[in-house]
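Participant: model the structure of this input:
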Amino acid sequence: MADRVVRHVRIEGHVQGVWYRGWTVDEATRLGLDGWVRNRRDGSVEVVLAGPPEAVDAMIAACHRGPPSARVDRVVASPSTESVPAGFEQRATA
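Facilitator: Numbering: from 1, shown residues only. Here you go, the predicted model:
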């Protein structure tokens, strides 16, 4: 579908214990995106975003900032073929 893209995003820095996942759920929901967010055991945060390209791009740009207490050092986004159900959820640490 040309009007819907899916991106896998990895955020590195001081991004755990600063409400990054909750902030991601709020921001993605506000933008009307589907997908999920979870902490990784290596200290990063992993996100899958699905929706209109402009909204996905806006969320990726927001991930570079994160919530006020975060320090984002690196954001890596790549295309994904993952099937993403409707809604946005916070998942358990992987």
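Participant: which other helices and strands does the host helix or strand of residue 75 contact?
Facilitator: Element membership for residue 75, per DSSP states H and E: strand 71-79. Here strand 71-79 touches strand 5-14, helix 53-63, going by 3 or more CB pairs under 8 Å, 6 or more residues apart in numbering; DSSP states H and E. Backbone N, C-alpha and C define where each C-beta goes, glycine included.
Participant: the first one pairs with which strands, and in what direction?
Facilitator: With DSSP bridges as the criterion, the sheet partners recorded for strand 5-14 are strand 45-51 (antiparallel), strand 71-79 (antiparallel).
Participant: what would the ones you listed look like in JSON lines with mean pLDDT and mean neighbour count?
Facilitator: Formatted as JSON lines, those follow (pLDDT from 0 to 100; neighbours: other CB atoms under 10 Å):
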{"stretch": "strand 45-51", "mean pLDDT": "98", "mean neighbour count": "23"}
{"stretch": "strand 71-79", "mean pLDDT": "98", "mean neighbour count": "13"}
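Participant: need these in CSV (columns: distance to residue 16).
Facilitator: Compiled in CSV, the strands paired with strand 5-14 are given as follows (distance: least, CB to CB, whole Å):
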stretch, distance to residue 16
strand 45-51, 7
strand 71-79, 11
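Participant: with respect to residue 92, which of those strands lies nearest?
Facilitator: Closest to residue 92 of those is strand 45-51 (CB to CB; 11.5 Å).
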